[in-house]
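Asks: From the sequence below, what's the structure:
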Amino acid sequence: MARIEHAEIYLVPLEPKVTRFDAIQQFVCQETVIVRIHDVDGALGTGYSYTIGTGGSSVVALLADHLLPQIVGREAEEIEAIWRDLKFHTHATTVGAITSLALAAIDTALWDLRALRANLPLHLLAGGARTRIPAYTTEGGWLHLSKEELVEDAKRARADGFHGVKVKIGKSSVKEDVRRVAAVREALGDDLELMTDCNQVFAVDEAVRRARALLPFDLAWMEEPLPADDLDGHIRLAASTSIPVAVGESIYGVRHFRDYLQQRACSVIQVDCARIGGITPWLKTAHLAESFNVAVAPHFLMELHVSLACAVSNGRWVEYIPQLDEITTSRLQIEKGEALAPVEPGLGIAWDWDAIRVRSEIMHAVRKAA
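Replies: Model (predicted):
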């Protein structure tokens, strides 16, 4: 083992490659929070987190002022203990988005460091259930796109070998959502999966109504139909439809997932490594879902989630939304519609540090404990 000597924080804004509108917001910028943790032997691990345009500087401040000073001088291999202690150190702001995002940047860096020192890729270190996993694309299914543009993207996704396509819904009328989904289903045929994403826009009655209208299209799931804190609404919706209900990208604690699973309020778990607080709680959530025989299809962060989804036996999908290309030299490898887990030691992400330093709006160095 080796003690943590110092850490660095970068905040790098990344604009999306395509315009991204859903039912409640526009994804205008990924504020990418990057943490590098150095140990006394000279090894270093890199972790990251993100926002979609708001709060990045707050995550950096929490890291620089309150979290990273707590871990300098500690043994880097004590990942579980560090995560627990940092959680309790921030008990007044836990469970919450800003705290989870900050914890995730540290936790992923520590797992990267552990994997590099062990000379193992993350998917093996974290479980090693498989080496590849089906991929579906969201990048051409945004809500502002016309029906014709959705169809063209679906055809392109089919030609590219993806196993599924996700379409945003939440138009002002049921009929418009149905027309768009029907057109994409026709373009895909019956052998590719079709997912829909509501982005929490509906009340319960409208979610039930939309699910009923969309039933003929054999959807793989209906994602985030209601606000994430409406557990009772999800229970009522799940009981009313045979369409699988997917939740998770806006859930920030393992116990919240437990409540959903215990109450049969969902059929697919979309736990996001950044929003749950890192790899440590991500794995706990995935194993919890497995105990309920529920699949995991993580939200976003494909470069990291491919390894995690391959690490666990109930990983089912990786979501294709490229976002790190401007600051990395590695790319997600997809073969016959399946994403391949990186075989390089660590997270398997090759960071372009020249590009990061040029783009970074904030850089902090943390060198001693508080």
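
Asks: number of nearby residues for residue 125?
Replies: When neighbours are defined as other CB atoms under 10 Å, residue 125 has 20 of them. C-beta: built from backbone N, CA, C; applies to glycine.

Asks: That one: what's it in contact with?
Replies: Taking CB atoms under 8 Å, 6 or more residues apart in numbering as the criterion, residue 125 is in contact with 111, 114-115, 118, 311.

Asks: one more time with 10 Å, if that's ok
Replies: Residue 125 makes contact with 111-112, 114-116, 118-119, 279, 307, 311, 345-346, according to CB atoms under 10 Å, 6 or more residues apart in numbering.

Asks: Likewise for residue 359?
Replies: 10-14, 32, 326-327, 352.

Asks: if we can go back for a sec, rebuild the contacts of residue 125 as TSV, extending it with distance to residue 125 and neighbour count.
Replies: Below are the contacts of residue 125 laid out as TSV (distance: CB to CB, whole Å; neighbours: other CB atoms under 10 Å):
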residue	distance to residue 125	neighbour count
111	8	27
112	10	28
114	7	20
115	5	24
116	10	19
118	6	13
119	10	10
279	10	29
307	9	29
311	8	23
345	9	17
346	9	23
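
Asks: Inside helices: which ones of those residues?
Replies: Among these, DSSP state H puts 111-112, 114-116, 118, 279, 307, 311 in helices.

Asks: one step back: residue 337: which of the contacts of residue 125 is nearest?
Replies: Residue 337 lies nearest to residue 307 out of those, by CB to CB, at 18.0 Å.

Asks: My guess is the closest one contacts residue 132. True?
Replies: No: look at residue 307 against residue 132 with CB atoms under 10 Å: they stay out of range, at 11.1 Å.

Asks: Roughly how far does residue 80 sit from residue 278?
Replies: Noted for residue 80: a distance of 11 Å to residue 278, by CB to CB, to the nearest Å.

Asks: ok, those two, which is more surrounded?
Replies: Neighbour count, other CB under 10 Å: between residue 80 and residue 278, residue 278 has more, with 27 against 12.

Asks: For that one, give me its contacts.
Replies: Contacts for residue 278 (CB under 10 Å, 6+ apart) come out as 47, 49, 79, 83, 86, 100-111.

Asks: mind running it again at 7 Å?
Replies: 83, 103-104, 107-108 (CB atoms under 7 Å, 6 or more residues apart in numbering).

Asks: Leaving out chain neighbours, which residue sits closest to it?
Replies: Spatially, and ignoring its direct neighbours in sequence, residue 278 is nearest to residue 107 (2.6 Å; CB to CB, 6 or more residues apart in numbering).

Asks: related to what we said a few turns ago, find the residues that touch each one of residue 307 and residue 132.
Replies: Common neighbours of residue 307 and residue 132 (CB under 7 Å, 6+ apart) are residue 341.

Asks: in its sheet, what does the worst-scoring helix or strand of the chain on mean pLDDT sit against?
Replies: Using mean pLDDT, DSSP states H and E, strand 362-366 stands out as the lowest-scoring helix or strand of the chain, at a mean of 87. Under the criterion DSSP bridges, strand 362-366 sits next to strand 4-14 (antiparallel) in its sheet.

Asks: which other residues reach the strand it pairs with?
Replies: 29-40, 56-57, 60, 63-64, 68, 71-74, 76, 323, 326-327, 356, 359-367.

Asks: Filter those residues down to the ones in strands?
Replies: Counting by DSSP state E, the contacts of strand 4-14 place 30-39, 362-366 in strands.

Asks: Between the contacts of residue 359, which sits nearest residue 91?
Replies: Once CB to CB is applied, the member of the contacts of residue 359 that ends up nearest residue 91 is residue 11, at 25.1 Å.

Asks: Can you name the residues bridging to that closest one?
Replies: Going by DSSP bridges, residue 11 forms beta bridges with residue 33, residue 362.

Asks: Number the chain from 578, please
Replies: All set: I'll call the first residue 578, so the last point we hit is now residue 588.

Asks: Read off the pLDDT value for it.
Replies: Model confidence at residue 588, expressed as pLDDT, equals 97.

Asks: Kindly report the same for residue 947.
Replies: 45.

Asks: Residue 922 now?
Replies: Here, the pLDDT recorded for residue 922 equals 98.

Asks: list the contacts for it?
Replies: Residues near residue 922 by CB under 7 Å, 6+ apart: 692-693, 696-698.

Asks: of all those, which two lie farthest apart?
Replies: Using CB to CB, the contacts of residue 922 reach their maximum pairwise distance at 693 and 698, which is 10.0 Å.
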